[in-house]
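Q: Predicted model and sequence below, questions to follow.
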Amino acid sequence: MSTNLTIVLVTLRVTQALTRSVRSTFSATLPAVLLVTFGLATVGMAASSADSVPKQSAWKLPNSKDVRGQVFAWLDQRAVDAATRAKAEKLWPASQEDLAGVELLSRVVRMIALADERARKLVDLCSQSPSPRPPEQSWLKDAKLPEFLAQNLQLYYAIWLVHGSLFDESMEQLSALEPDRVADPASLLFYQGVIYHQLLLKDAGLKAIGQLLEEPDQSPRRYAAVAKLMQEDLRQLKEESLDHIARRMDDIRRRLGLGRGDQKVRGVEDGVVKSLDKLIKDLEEQEKKKGGGGGSGSTVRSTRPAPDSKLIGGKGPGEVAKKDIGNKDGWGNLPPKQRDEAMQQIGREFPSHYRDVIEQYFRKLAGENSDQER
């Protein structure tokens, strides 16, 4: 069996065992909440053939004074009292310099909170660290709430959810929003891209990121830089590949860390195990086919044993490769030097998160051999 295939099969078998281990651990007790950092800048940016992203209509930043006019028109419709009106004028005076991006979005939401108790509670909530199970905010989709205000509140809330790694909940808020309905279209498209990237929704992610990159000068440079990384990463993503399976496992760990153990999570777990089984079977079948032939010609195998014990003629040179297999038990217990070489090869040919799996595998082997020697 070739070195590369051996490493892949070892990785798959250990990964498969770890997947089942994660499920059994959760069945006993809920794991502690994982602190998932927003580390998208570490996404690999390798060159690839460009997947076509549908051309979308260009978006533009809204005019700050126009947005202010919409907010004050809403306050007038609600017939707020003089005190509330004075607070609004102080918070967003007519002489205020133009606002844009997250600053404009935040100003809109704070203005709404002056006249709506639910919005005020939402602002208070979003000033805290996200919790694994945030309170229900179904009122954000209330038809009585003006569309412009509702969509800005949903965007504000969704950004907070993303920073708590609550991607499914955030997607519920952002999936139906449009750039021309919010005060910060760049943040809308960027965070849509982040969510779809994390949930491995390739087509939706490429669409949102493609829209964002149509107008790179109208969004923060950090958005454009990270968006390009996510775009390249999604373009190279192939379903049922080893990388795709590993990312689904990461998503399972995220969900379990948030205390999610429902049918949806179990379905994802079952899918990962099936994918691993299929990938291992395919690789083993490929290896069997390779082992069936020798050199450039085909090998013909007899279906009958020789009737007598005698030398049988053949066309081969009659030589075999001599390999030192040692004289001790303990398959897979590589010498330190060879183990280091194997780890270096894994580091070159596979993503970094596979290295941890292989290291666990070697540590387990070393522990088993120590127990046998005792």
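A: Structure received.
Q: Tell me where the model's unsure across this structure.
A: Scanning the chain for pLDDT under 70 picks out 1-57, 291-335, 338-339, 341-374.
Q: Can you name the residues that contact L201?
A: By CB atoms under 8 Å, 6 or more residues apart in numbering, L201 lies in contact with I195. Where C-beta positions appear, they are placed from N, C-alpha and C, glycine not excepted.
Q: where's the closest residue to K202 other than its chain neighbours, which helix or strand?
A: Closest residue in space to K202, ignoring its immediate chain neighbours: L234 at 5.1 Å, by CB to CB, 6 or more residues apart in numbering. Assigned by DSSP states H and E, L234 falls within helix 221-236.
Q: Next SSE downstream of that helix?
A: helix 242-257.
Q: Would you mind pulling up the elements that the next helix or strand after that next one packs against?
A: Using DSSP H and E, the next helix or strand after helix 242-257 towards the C-terminus is helix 263-291. Applying 3 or more CB pairs under 8 Å, 6 or more residues apart in numbering; DSSP states H and E, one finds that helix 263-291 contacts helix 3-28, helix 242-257.
Q: ok, which stretches of the stretch 51-200 of the chain are helices?
A: 64-78, 82-91, 101-115, 117-126, 147-162, 167-174, 185-198 (DSSP state H, counting those that start in this stretch).
Q: ranking those by burial, who's on top?
A: Of all those, helix 185-198 carries the top mean neighbour count, a mean of 26, counting by mean count of other CB atoms under 10 Å.
Q: tilt between it and helix 242-257?
A: 100 degrees (axes from the mean of the first three to the mean of the last three CA atoms, to 10 degrees).
Q: residues making contact with the very next helix or strand once past helix 185-198?
A: Moving toward the C-terminus from helix 185-198, the next helix or strand (DSSP H and E) is helix 202-214. With CB under 8 Å, 6+ apart as the test, helix 202-214 has contacts from 51, 53-56, 58-59, 179, 186, 189-190, 192-193, 196-197, 219, 223-224, 227-228, 230-231, 234-235, 237.
Q: Identify each buried residue in helix 202-214, please.
A: Buried residues in helix 202-214, counted by 16 or more other CB atoms under 10 Å: 202, 204-214.
Q: I'd like a version of the residues you listed in TSV, one that adds distance to F167 as further columns.
A: Putting the buried residues of helix 202-214 into TSV (distance: CB to CB, whole Å) gives the following:
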residue	distance to F167
K202	15
A204	12
G205	12
L206	17
K207	17
A208	13
I209	16
G210	20
Q211	19
L212	18
L213	21
E214	24
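Q: which one of those residues is nearest M249?
A: Using CB to CB, K202 is the member of those that lies nearest M249, at 17.6 Å.
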